[in-house]
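Colleague: Next come a sequence and a model predicted from it.
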Amino acid sequence: MQAPRVVGAPRGRAHRVRGRRHQRPLRVGHGRPGVRPRPPGRVARRARRAVRALRGLPPGDRARARVAARGAGGRVSRWKPVGPASDWTSMEERVLQRWREGDVFRTSVEMRKGHDPYVFYEGPPTANGRPGSHHVLSRVFKDIFPRFHTMRGRYVERKAGWDCHGLPVELEVEKQLGISGKPEIEAYGIAEFNAKCRASVGEYLDEWERLTERIGFWVDTSEAYRTMDTDYVESVWWSLATLHDKGLVYESDKVVPYCPRCGTALSSHEVAQGYKDVTDPSIYVKFPLRADSVAVTGGEASLLVWTTTPWTLPANQAAAISPGTDYAVVVDGDERLVMAQALVGAVMGEDAAVERVIPAADLAGAGYDPPFDLIPGRHQVVLSDFVTTDDGTGIVHIAPAFGEDDMRAAREHGLDAPNPVDRQGLFTSKVPLAEGQFVKDADRALITDLEARGRVQREKPYEHSYPHCWRCSTPLLYYAKPSWYIRTTDVRDRMLELNASVGWHPDHVRDGRFGRWLEGNVDWAISRERYWGTPLPFWRCDDCSEVTAIGSFADLRERAIGDVPDPLDPHRPYVDDIDVRCHCGGVAHRVPEVADVWFDSGAMPFAQHHHPFEGPDDLAGRFPADFVCEALDQTRGWFYSLLAEGTLLFDESPYRNVVCLGLILDGDGQKMSKSKGNVVEPWTVIDHAGADAFRWYLFTAQSPWESFRFSLDVVDETRRRFLFTLWNTYAFLVTYAALPDGWSPGDPAPPVAERSEMDRWALSRLDGTIEQVTARLAEYDPTSAGRALEDLVDDLSNWYVRTSRRRFWRSDDPADTAAAFATLHECLTTISLLVAPFCPFVADEMWGNLVASHDDTAPPSVHLADWPAPGARRDEQLERAMAAAMEATTLGRSARKEAKLKVRQPLAEAVIACPPSTARELEGLTGIVAEELNVRDVRFVTDAGGLVQVSLKPNYRTLGPRMGPNMPAMADAVAALDPTATVQVLDAGGTVTVSVNGNDEVLGDDDLLREVRPSEGYAVAEGGALAVGLATEITPELEMEGLARDLVRAIQNARRDADLKVEDRIRLHLDGSARIREAIDAHRGWIAGEVLATELTVGHGVPFTPLHREDGEIDAEPVAISLSRA
RNA sequence: GGGCGAUUAGCUCAGGUGGUUAGAGCGCAUCCCUGAUAAGGAUGAGGUCCCAGGUUCGAGUCCUGGAUCGCCCA
């Protein structure tokens, strides 16, 4: 960072900070699993160390630093020069370094110990892949609220967590090892395989932690929970055993979505993630009815059955029809086909000939020839409720092994559930023509065979969305197999009840997406026939089949037959080798399954603290969470598993507030994906724009749950608009405060009540913004909070600083200068506090330079400071008036533009036409307006006289409700009023009466809105309740003043070209045309003052040796400028 | 097929409880400033508020239906 040209800048100190950088290579936030709790004294020591590190000084150096910083004026300046905003990322890295050295995060948490806890749960990511931009999104939202509440005095523990188990990890290892599928894993060895999984979990941990730190996500990674840790697994066992002992766990043969590649069933929320649009062959198959049904159908006929899964046809056991529905016999060439009468048109065409109609009941029991005569079965028509006439033919082929409805129908009708498909999804020898083929691949061969036998009426490709494995994309099969279930349906109503009190953001998730999902809750299938997961703690007895659930390792040791290794790795295959003594005396073996990983993550509220093994109060102040936050897709994932486990185990929702986040899309609104190559890597954004800009964009771009159209450009724009504006304002203050006759915090300044309107307005806006930001953040709405801050910073920069600039260097009124400094300093200091949860880097940088370095008693970091409270400086009338002044200025500029009168040319007066009340409010602000518009005088016209034209409009807001349908007539009556006369009556406090549809209506001042505008002779612009007119005549005097202004501008340019410092005094010599010299004579004193000339001479011959000389033109007349340092 | 959400300027987005002339940033055009200067600012052009009905004195806002897009589910 380059030091600007500022006298008295404490350069030496900045260098010292830099010099210390690598002395203490602390790695806050790196995995140190063995760290023990610290003795209490260390907190205080750490705080002291933090102070030293943040001030950038060992204590003994302070005095020397002060001496070094002594400016020309002999005062102590502790200001650090502010570099250009373009050095943003290096600024962030220096702040990061200070945090590390000062252990600021830990200090910020521990200094609030004993205060009201604010509980945050980290939803654990899996660290076996690189973190992407969407992870930055969730991590910064997880950061902002804990920071906010910490500053508000809450004790906010933030324990990081990592999801370690599950298929994603296994898949990664399979890829690594070049193997695929369960047989190969088992051949490789479960112990070795799981060891690889364990190692793979942490593969990208470094990168995750590096990114986490760099984006300023404060979370304690040193004592992160990991779902594979022994303690964690033990807590999960406790929960599963508890549920088992409550009778909420059962095993059942159910048709489940099953991934043949992964060899495991998937839970409904996993299935939910894998729907894809695919085109499958769909066929209309003929099931010829047997001779015994000729009486019903009136001759030979076939059932017409529609299926999109031809591969299930070999397992056909029955054909189901809808009870109470009429079926039709339709002639199709030389064949007769049976289908639901309602569907004949859709299937066969509108002109199909219906030969006969048969009630469903008459058709029931009819026998037919199965599509493949490979597997024995009943092959009869059965009635079943689930059959509809929405699509297909109204006749459904039943393969009980492959469908939930099929299985239910099979149970009702006592059918078998033969399954000719093995666990890998391959046909067994029961289906010779497709033996060894994957079922989906066998469709073609099966259809060909059916066609050869004349069984296919028609084939058409069918596009539909079909579930696929969310990890490996294999199409799922619905498959009957034994699985372990948790009876969540028992607590469904309770979950709904608890959900109703959760603060969802956006709130429609509560009753919409999530609520409706809960209403349709089904029991949770928690078993997975896999390897790397929490082993189900269930042991089944060889003799009595009873299941024993083990809820702790102590329990396991007690009941184990033989020795249990110490330490125990509670994973497969080690726990598989341990047998347990059953109550009946028999030997029990562990069931082979592991738990759904969603059960792991849903257990984190208690498992991260090793509940209940750490004592009776191990969850005190840690359950439930005040706040969790994840992407919207977690409604059926983590949000559900948390709620289900919380309800089942504690009868409480584990979270009080949820913030849902949207998808990150690319700049064109496309999903980011590696294959499209449109992924924006987080490091690209950070290296280019910095973490603050990244964060600010994510917080303020739009509602968090909307999709983000994300690109480097939008972050950059955000940065320019907000962060650079803030930085420039901050740099402005520091630059002038650090001047020799500048200012320091604590210097005496007039009390607020005695400061100018401008100051009081800025502080009023500040108070209003404090209120707003606080309220919005408390309601989990960083977007509105951030926008309020943007408005404030914009007002400060583009109105306050813009109009107050010269107060900061003019020394003719020291009290006013001090007031300006004090006001801007207060604003920026408070903004650094308000911005701290959003953009922690710039906030801390500002705080350090604005507060900490001047006040040894202040917190050394903004993140150790308290959240600001408004200071009763709100003045809404002043804010209204200032808004009107801004409006008047805008209108005046517009009028100037229209009249082609440049701002540098002074004009005699501006006339503001407005209602009297506005004029009264604006009165104190005319100086500002006059200066902005460069007019000598600002005058108000409110009377309806020669200068002003008034028009009246009805106030719909007051008159509308009163008049109702008579409102149009009222509008006409108002239009018919004489505006001038009416306004005179109203201004005298009177009322006017108009007749509307025969009724007299009394109108007061509030009922009529005035529009006033100056008439004749002015350049006018109007808008809202104001109109501004400018006197357009340029007198010779004004012309001279305009020339003088031009001269000053030219001299300032010359100063710059001569490389002078802003505060350098000069000797100045001017020469030019007679008109120019006239202007100089008329404004000599003013010009000299403006350009800091101690000496001003005019004419031929420069009386000193010029340092710099410039010839130019003003208004097409020559001018020569010579100057040197005084 | 069902649920939820979205649709406002060329682009990205704001627009409590219905109320006078619908806003901002970017981009564009025309300029200004030169003591925030490797910055800053102004003015202007640009909108059938997705469509069609309805409620109302009055609809971007409320209701009904539809279209398109996204997410989720069958």
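Modeller: Noted; the coordinates are in hand.
Colleague: got the contact list for A:Thr312?
Modeller: Each residue near A:Thr312 by C-beta atoms under 8 Å, 6 or more residues apart in numbering is listed here: A:His397, A:Ala399, A:Phe402, A:Gly403. All C-beta atoms are positioned from the backbone trio N, CA, C, and that covers glycine.
Colleague: And A:Arg776, by the same measure?
Modeller: Contacts of A:Arg776 (C-beta under 8 Å, 6+ apart): A:Pro782, A:Ser784, A:Ala785, A:Ala788.
Colleague: Please list which of those also come close to RNA strand B.
Modeller: Among these, proximity to RNA strand B is found for A:Ser784 (C-beta under 7 Å from any atom of the strand).
Colleague: Closest one to RNA strand B out of the contacts of A:Arg776, please.
Modeller: In terms of C-beta to the nearest atom of the strand, no member of the contacts of A:Arg776 lies closer to RNA strand B than A:Ser784, at 7.0 Å.
Colleague: where does the closest one land in three-state SS?
Modeller: Classification of A:Ser784 using DSSP: H, G, I helix; E, B strand; the rest coil returns helix.
Colleague: That one - nearest residue in space that isn't next to it in sequence?
Modeller: A:Arg776 (4.5 Å; C-beta to C-beta, 6 or more residues apart in numbering).
Colleague: name the element the one you found belongs to?
Modeller: helix A:757-778 (DSSP states H and E).
Colleague: And A:Ile912, by the same measure?
Modeller: strand A:907-913.
Colleague: For that strand, which outside residues touch it?
Modeller: Counting by C-beta under 8 Å, 6+ apart, A:888, A:892, A:901, A:919, A:922, A:929-930, A:933-942, A:947-948, A:1012-1014, A:1018, A:1022, A:1026-1035, A:1038 sit against strand A:907-913.
Colleague: Among those, which are located in helices?
Modeller: Residues of these located in helices (DSSP state H): A:Ala888, A:Gly892, A:Ala919, A:Leu922, A:Val929, A:Ala930, A:Leu933, A:Leu1038.
Colleague: Please name the residues that touch the nearest residue to the third one once chain neighbours are set aside.
Modeller: In this case it means A:Ala919. What sits nearest to A:Ala919 in space, not counting adjacent residues and going by C-beta to C-beta, 6+ apart, is A:Phe940, at 4.1 Å. Contacts for A:Phe940 (C-beta under 8 Å, 6+ apart) come out as A:Val911, A:Ile912, A:Ala913, A:Cys914, A:Ala919, A:Leu922, A:Glu923.
Colleague: Can you pull the phi/psi pair for the residue of the stretch 751-900 of chain A at minimum distance from RNA strand B?
Modeller: Per C-beta to the nearest atom of the strand, A:Trp809 is where the stretch 751-900 of chain A lies closest to RNA strand B, at 2.4 Å. Phi and psi for A:Trp809, reported as degrees, to the nearest 10, are phi -130, psi -10.
Colleague: Just the pLDDT for the closest residue to it other than its chain neighbours.
Modeller: Closest residue in space to A:Trp809, ignoring its immediate chain neighbours: A:Tyr736 at 6.0 Å, by C-beta to C-beta, 6+ apart. pLDDT recorded at A:Tyr736 is 91.
Colleague: So the residue nearest the centre of chain A, which state does it fall into?
Modeller: Taking C-alpha atoms, centre = their mean, the centroid of chain A lies closest to A:Pro704, which sits 3.7 Å from it. What three-state DSSP gives for A:Pro704 is coil.
Colleague: Which residues are in contact with it?
Modeller: Contacts for A:Pro704 (C-beta under 8 Å, 6+ apart) come out as A:Phe141, A:His505, A:Val659, A:Cys660, A:Leu661, A:Gly662, A:Leu698, A:Pro782, A:Thr783.
Colleague: One more pass at 10 Å, please.
Modeller: Going by C-beta atoms under 10 Å, 6 or more residues apart in numbering, A:Pro704 touches A:137-138, A:141, A:505-506, A:629, A:631-632, A:659-662, A:698, A:780-783.
Colleague: Quick check: the nearest residue to A:Ala822 once chain neighbours are set aside vs A:Trp847, distance?
Modeller: The shortest distance from A:Ala822 to any non-neighbouring residue, by C-beta to C-beta, 6+ apart, is to A:Ala749 (3.6 Å). Counting by C-beta to C-beta, to the nearest Å, the gap from A:Ala749 to A:Trp847 is 20 Å.
Colleague: Looking at these two, which one has more neighbours?
Modeller: A:Trp847 (27 against 22; other C-beta atoms under 10 Å).
Colleague: Now that the more buried one has come up, it's in contact with A:Leu834, right?
Modeller: No: counting by C-beta atoms under 10 Å, A:Trp847 does not reach A:Leu834; the two are 11.3 Å apart.
Colleague: Let me know the secondary structure of A:Ser293.
Modeller: helix.
Colleague: residues contacting it?
Modeller: A:299-301, A:303, A:338, A:358, A:362-363, A:365-368, A:381.
Colleague: which one of these has the most neighbours?
Modeller: That'd be A:Val338 among those, by other C-beta under 10 Å, with 31 neighbours.
Colleague: Could you give the separation of the strand or helix carrying that residue from the chain centroid?
Modeller: A:Val338 belongs to strand A:335-340 when assigned by DSSP H and E. The chain centroid and the centroid of strand A:335-340 are separated by 57 Å, computed with C-alpha atoms, centre = their mean, to the nearest Å.
Colleague: need the next SSE after it, C-terminal direction.
Modeller: helix A:344-348.
Colleague: Just the buried residues of that next one, please?
Modeller: Residues A:Val344, A:Val347, A:Met348 are the ones in helix A:344-348 that count as buried (16 or more other C-beta atoms under 10 Å).
Colleague: With respect to A:Ser235, which of those residues is nearest?
Modeller: Set against A:Ser235, the nearest of the buried residues of helix A:344-348 by C-beta to C-beta is A:Val347 (56.6 Å).
Colleague: which two in the contacts of A:Arg776 are spaced the farthest apart?
Modeller: Pairwise distances across those peak at 10.5 Å for A:Pro782 and A:Ala788 (criterion: C-beta to C-beta).
Colleague: quick revisit: narrow the contacts of A:Phe940 to just the buried residues.
Modeller: Using 16+ other C-beta under 10 Å, the buried ones in the contacts of A:Phe940 are A:Val911, A:Ile912, A:Ala913, A:Cys914, A:Ala919, A:Leu922.
Colleague: from those, which is closest to A:Ala160?
Modeller: A:Leu922 (55.6 Å).
Colleague: close enough to count as contact, that closest one and A:Cys914?
Modeller: Yes: contact criterion C-beta under 10 Å: A:Leu922 and A:Cys914 qualify, at 7.3 Å.
Colleague: Now list whatever residues contact both of these two.
Modeller: Shared contacts of A:Leu922 and A:Cys914 (C-beta under 10 Å, 6+ apart): A:Ala884, A:Glu887, A:Ala888, A:Phe940, A:Leu1026.
Colleague: The helix holding A:Arg776: which residues count as buried?
Modeller: By 16+ other C-beta under 10 Å, the buried positions in helix A:757-778 come out as A:757-770, A:772-774, A:776-777.
Colleague: and RNA strand B, which of those residues reach it?
Modeller: Okay, of the buried residues of helix A:757-778, nothing touches RNA strand B (C-beta under 7 Å from any atom of the strand).
Colleague: follow-up on the earlier one: can you redo the contacts of A:Arg776 as JSON lines with distance to A:Asp1059 and neighbour count?
Modeller: Below are these laid out as JSON lines (distance: C-beta to C-beta, whole Å; neighbours: other C-beta atoms under 10 Å):
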{"residue": "A:Pro782", "distance to A:Asp1059": "45", "neighbour count": "26"}
{"residue": "A:Ser784", "distance to A:Asp1059": "46", "neighbour count": "16"}
{"residue": "A:Ala785", "distance to A:Asp1059": "44", "neighbour count": "26"}
{"residue": "A:Ala788", "distance to A:Asp1059": "42", "neighbour count": "21"}
